[in-house]
Every structure is written in C-alpha cells, then in structure tokens.
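my questions are about this predicted structure, shown below with the sequence.
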Amino acid sequence: MLSIFITRKIPDEGPALLRERGYEVVVSEKDGVLSRGELVAALKEKPYDAVLCLLTDKIDAEVYDATPKAKIFANYAVGVDNIDIAEAKKRGVAITNTPDVLTNTVAEHAFALMLSAAHRIAEGDAFTRAGRYTGWAPELLLGTDMSGKTLGVLGLGRIGSRVAEHGARGFGMKVLYYDIRRNEAFEKEYGAEFRETPEALLREADFVSVHVPLLPATRHLINQEALALMKKTAILVNTSRGPVVDEAALVEALKNGIIRAAALDVFENEPALAAGLVALPNVVLTPHLASATEETRGAMSRVAAENIIAALSGESPPHLIH
C-alpha cells in the first residue's frame, strides 16, 4: 500500500480522495506547525511515497533525506518559496502547488483590505466597541474614496490580474501595473497601463497592491527608499509574501506620515510582527487569511491530492512546478 504523509490537518476533501484510491494517509496529530526535528522524525517513521506539505514547512535536503522514497512533495499553497526546488531537481522529486482555485478568494481579500484601510473600517470597529461613539459627527474618522483613484498592481499574475480587474470594472479605477512581462492584451481589455519599473508605479499610484512571488529579487522590494517614492496619501496592501515588504521600514513610514495607511495579510517573520506595528492605528492586520474560505481551502486540499494521485500513477501532475 502506498503511503502519504500530511504535515498538518487540512480540509478533508484531499485526504478523502487519497483514501478512496486505497492509499494509506497519515496526518500529523500536532495542533500546529511541526518543528524541523518533528518533521524529520515523522518522515523517518515509515517509507512514505508522497508528502503533502504546507507553506509553513521548510522543505530542503535534510527533509528529502528523511524520506528518500517520496516521489512528490505537493505544496498546499501557490507559492513554493518554502521548498528547495533545485535540490528536488537533483533528486528527481516532483514539486507541485495549488494555483487557480484561490485566485478569486485572494483577490477578494486584497480588496477587502484595501477598502478597510481606505474607509478606516478596523479603526471604526475598535472605536465603536470601546464605547467611544457618542453620535454622528461630520469629521469623525474620515477616510478616502477608491472610485476614480489610481490602483498600482505589482505583479500581474493570476491574482494581480483579478485585483486589477476589480479595480477597473468595479471601482472605475485607473490601473497601472508592473510585471517582468508586459501584457498588451490585458491593457487593451481593462485600460491598464504598463510601467517598466516598480519605482515608476509607486510614484503614481494611490493604492498599491503587491502580488509578486518571493524571490531574491523581490525580498524587501518595498523598502525605505520605495516607500519614500509613494504619495503621502497612498495606501499599501500586501497579500503576497511577508518578506517582500521591509516591515521595520513600513512601521516608520506609517508613524511619520510617509504614506497614509497599509493593510497586511502576510508578515516578514510570521507569526511575529515588527516592533510597533500593532500599535499603529493606520494599519489593518489579518493573520494570513487571504485564501481562508471553506470553498477555497477545500479546493486546495483536493488539488494537492490530485497532484499526488497523478505522480503516484506515473502521470505528470496537473500543477507541476518541477
């Protein structure tokens, strides 16, 4: 019987699919992330044929060594920055991800964050709960409109494209985008404008939504210098990967009025937050929830399982990274 190890409890769509195929499915019983030592020890317990891992698992040579029989590591995420792809190539281990199924959900969350920051939703909620609301006032917690403003999208992949579409079609926003590849068909359909550098986009945008993958070139893409280029009225939203933003620099920018506000779903050193971040009223914080809907997390589970089934059946997985 083929065996699969799942590093953390996930929605049952995927595990159920694997069991239906007659595979043995072992799910970590720990309520939380396995430490490096725990993950390695768990993988050594039996000769697993596949591993379904999460973005919180660091997959590298030591982990591959612990389970030499495994043909595939199926990542329960779109990004694969937690996985040593080069090492997987050396060993002939397939790496897969779960794209497409979370595009709409993450785009919705990015817009929810954008709206929350613009209209000061979190501040208003805290203000009301604290019993400070004593009646309507003409200048109470004034926010800023989104309609007709300029939306800058850093990274025009699946999610970035969907965010840009929401901005253009739903809010009548002017859309600017930066990506390593220009998309003239997208420009034509949505009236979007390409900018050749992130810096050019940052200077013009009223709202900046970050959707780049985490790579050496994108780490701290939003740093002190980049923040200084933005409008003082600008709002930054990050639903990509935490280290794309220099969190300490962002704290200083928000404190000193370099930009108006920010909204973050991901953090540089998750789950830790940069010193001073939680004390700032002009930042909205959510705990890596962008794909957290019942429908999407269930679909991610199913897609990860389908990748494993294909690999163990001798077929090319539908979402093969390598």
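Received the coordinates, thanks.

flag every buried residue along the longest helix seen in the chain.
Identified as the longest helix of the chain according to DSSP state H is helix 294-312. For helix 294-312, burial by neighbour count (16 or more other Cβ atoms under 10 Å) applies to 296-312. Backbone N, C-alpha and C define where each C-beta goes, glycine included.

helix, strand or coil for Ala42?
helix (DSSP: H, G, I helix; E, B strand; the rest coil).

how far does the strand or helix carrying Ile159 sit from the chain's center?
Using DSSP states H and E, Ile159 sits in helix 158-165. When C-alpha coordinates are averaged (Cα atoms, centre = their mean, to the nearest Å), helix 158-165 and its chain have centres 13 Å apart.

helix or strand right after it?
With DSSP H and E, the next secondary element past helix 158-165 is helix 171.

just the residues contacting that next one, thanks.
146-149, 151 (Cβ atoms under 8 Å, 6 or more residues apart in numbering).

in helices only, show me the residues you listed.
Going by DSSP H, the helices hold none of the contacts of helix 171.

just those residues now: which is nearest Gly157?
Leu151 (15.7 Å; Cβ to Cβ).

hmm, the closest one is touching Arg169, no?
No. Using Cβ atoms under 8 Å, Leu151 is not in contact with Arg169, being 11.5 Å away.

distance of the residue lying closest to Ala66 once chain neighbours are set aside relative to Ile4?
Spatial nearest neighbour of Ala66, chain neighbours left out: Leu43 (4.0 Å); criterion: Cβ to Cβ, 6 or more residues apart in numbering. Distance, Leu43 to Ile4, by Cβ to Cβ, to the nearest Å: 11 Å.

buried residues in stretch 280-287?
282-284, 286.

check stretch 311-319 too.
Of the residues in stretch 311-319, 311-312, 317, 319 count as buried by neighbour count, 16+ other Cβ under 10 Å.

swap in stretch 27-38?
Buried residues in stretch 27-38 (16+ other Cβ under 10 Å): 28, 33-34.

before we move on, the earlier item: tell me which of the contacts of helix 171 is nearest to Phe194?
Comparing every one of those with Phe194 (Cβ to Cβ), the shortest separation belongs to Leu151, at 13.7 Å.

what bridges to the closest one?
Val175, Phe207 (DSSP bridges).

list the contacts of it.
Contacts of Leu151 (Cβ under 8 Å, 6+ apart): 163-164, 167-168, 171, 173-176, 205-207, 209.

what does the strand or helix carrying Leu52 contact?
Assessed by DSSP H and E, Leu52 sits inside strand 50-54. Outside strand 50-54, the residues within contact range by Cβ under 8 Å, 6+ apart are 2-8, 10, 14, 33, 43, 59, 67, 70-77, 82-83, 304-305, 308, 311-312.

swap in stretch 311-322?
2, 23, 49-50, 71-72, 74-75, 80, 85, 88-89, 94-99, 303, 306-308, 310.

can I get the buried part of those residues as one PyMOL selection?
One line in PyMOL is enough to select the buried ones among those; burial here means 16+ other Cβ under 10 Å:
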select buried, resi 2+23+49+50+71+72+74+75+80+88+94+95+96+97+98+99+303+306+307+308+310
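
with adjacent residues omitted, what lies nearest to Asp57?
Asp57 sits nearest to Thr7 (Cβ to Cβ, 6+ apart), 5.2 Å away.

quick one: pLDDT of the nearest residue to Ala205 once chain neighbours are set aside?
Ranked by Cβ to Cβ, 6+ apart and with sequence neighbours excluded, the top spatial neighbour of Ala205 is Gly152, at 2.9 Å. If you check Gly152, the pLDDT there is 98.

what's near enough to touch Gly152?
Residues near Gly152 by Cβ under 8 Å, 6+ apart: 176-178, 195, 201-202, 204-209.
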